[in-house]
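In: Fold the following.
(one chain, ligands or ions: 2)
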Amino acid sequence: KGTAVMNNCYLDNNDPYHEICLRVIRDMTTYGVCVLDNFLGRDRGLLVRNEVLEMYRSGIFTAGQLVSDPGGTGAQSIRSDRITWMTGREPHCHNIGTLINQVDSIVIRANKMPDNGRMGDYIINTRTKAMVACYPGSGSNYVKHVDNPNKDGRCITAIYYLNLDWDVRRCGGLLRVFPEGTDKVANIEPIFDRMLFFWSDRRNPHEVQPAFDTRYAITLWYFDAQEREEAIRLYQTRGSQPSSSK
Ligand SMILES: O=C(O)CCC(=O)Nc1cc2ccccc2cn1
Ligand SMILES: [Mn+2]
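Out: Ligands and ions are numbered 1, 2, ... in the order given. Predicted structure coming up:
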């Protein structure tokens, strides 16, 4: 039935996600970062990109907020990206919804697979809405920061890039990740149809270098059930909500 035994795990050739999940588990466990290219394929990637461009043209993106001290460096910084939060079930966003479902499937299945290393340390069953971000390209950037420095529950950051013919030498906008415990950096170009996963906590400080062309990305943050529950309980006693959008 299309299954083969290999290294004591069953490769079920009928499950397209199986290979990808093994790859995500291996890279996240080894590097804490995982890059998957040609994630949707050109045609479906273009459909998602067109929906995002249509949303941007419709003006529903907000101006990037002032984020005071995103990385605990004491520096006041102004995020110059434009963002909007969405469920993926909005009208005229069917392909964005399908992308979100695919990323959900991979994260949930990878979290449930046997021998899934550090992926197994978490219980992942909820996430934030999708944050669609656009760097307008007039040198807009995002200073070095950690997504979840103070245990707000987010364990995995998942980013899908939509930027056609992106050349970092001309357009900038490089995502540079500074994995904890090594002086090596990961330079990730925000190229079209690229899917990126990385641990959201202090293991992965990162920055977006100034962008000189419009730079689009869709980000999802997945919650670890236990850490999220603890964060909500803690904030309930202190009366304010954890930082990330619900
Ligand atoms: O576009 C990229 O390559 C990554 C950009 C990025 O780090 N965005 C980002 C956006 C955020 C929005 C709200 C709270 C925390 C946030 C942390 N990071
Ligand atoms: Mn970030």
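In: Need the CA coordinates for the helix or strand harbouring residue 209. PDB is fine.
Out: Under the criterion of DSSP states H and E, residue 209 resides in strand 206-211. In PDB, the C-alpha atoms belonging to strand 206-211 read as follows (Å, rounded to 0.1, in the frame of the first residue of the first chain):
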ATOM      1  CA  HIS A 206      16.600  38.100  14.400                       C
ATOM      2  CA  GLU A 207      16.500  41.400  12.400                       C
ATOM      3  CA  VAL A 208      15.200  42.500   9.000                       C
ATOM      4  CA  GLN A 209      17.700  44.600   7.200                       C
ATOM      5  CA  PRO A 210      16.500  47.700   5.400                       C
ATOM      6  CA  ALA A 211      14.300  46.900   2.400                       C
END
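In: neighbouring contacts of that strand?
Out: 81, 135-137, 139-147, 171-178, 198, 215 (C-beta atoms under 8 Å, 6 or more residues apart in numbering). Placement of C-beta: from N, CA and C, glycine included.
In: How far off centre is the stretch of helix or strand residue 132 belongs to?
Out: Assigned by DSSP H and E, residue 132 belongs to strand 130-135. Put simply, strand 130-135 sits 10 Å off its chain's centre (C-alpha atoms, centre = their mean, to the nearest Å).
In: same deal with stretch 218-235?
Out: Taking C-alpha atoms, centre = their mean, the mean C-alpha location of stretch 218-235 is offset from the chain mean by 15 Å.
In: Can you list the buried residues in that stretch?
Out: Of all the residues in stretch 218-235, those buried under the rule 16 or more other C-beta atoms under 10 Å are 218, 219, 220, 221, 222, 223, 224, 227, 228, 231.
In: average model confidence for that stretch?
Out: Stretch 218-235 shows a mean pLDDT of 96.
In: can you check stretch 128-137 too?
Out: On average, stretch 128-137 scores 94.
In: for stretch 33-45, same thing?
Out: 97.
In: Nearest to ligand 1 within the protein, name that residue for me.
Out: Across the chain, the shortest distance to ligand 1 (C-beta to the nearest ligand atom) belongs to residue 175, at 3.6 Å.
In: Would you convert the buried residues of stretch 218-235 into CSV that also reports distance to residue 208 and secondary structure?
Out: Shown next, in CSV, are the buried residues of stretch 218-235 (distance: C-beta to C-beta, whole Å; DSSP: H, G, I helix; E, B strand; the rest coil):
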residue, distance to residue 208, secondary structure
218, 15, strand
219, 12, strand
220, 17, strand
221, 16, strand
222, 21, strand
223, 23, strand
224, 25, strand
227, 25, helix
228, 26, helix
231, 25, helix
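In: would a markdown table of those with distance to residue 161 be doable?
Out: Output for these, formatted as a markdown table (distance: C-beta to C-beta, whole Å):
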| residue | distance to residue 161 |
| --- | --- |
| 218 | 8 |
| 219 | 10 |
| 220 | 13 |
| 221 | 16 |
| 222 | 18 |
| 223 | 23 |
| 224 | 25 |
| 227 | 27 |
| 228 | 26 |
| 231 | 28 |
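In: what does the protein put close to ligand 1?
Out: Proximity of the chain to ligand 1 (C-beta under 6 Å from any ligand atom) is limited to residues 133, 142, 147, 159, 175, 190, 206, 208, 217, 244.
In: Give me the buried subset of the residues you listed.
Out: When the residues of the chain next to ligand 1 are checked for burial by 16+ other C-beta under 10 Å, the buried set is 133, 142, 147, 159, 175, 190, 206, 208, 217, 244.
In: ok, the third one touching residue 222?
Out: What it means is residue 147. No. Using C-beta atoms under 8 Å, residue 147 makes no contact with residue 222, being 11.2 Å away.
In: still on that earlier bit, what distance do you get for the residue of the chain closest to ligand 1 to residue 45?
Out: Residue 175 sits 18 Å away from residue 45 when distances are taken as C-beta to C-beta, to the nearest Å.
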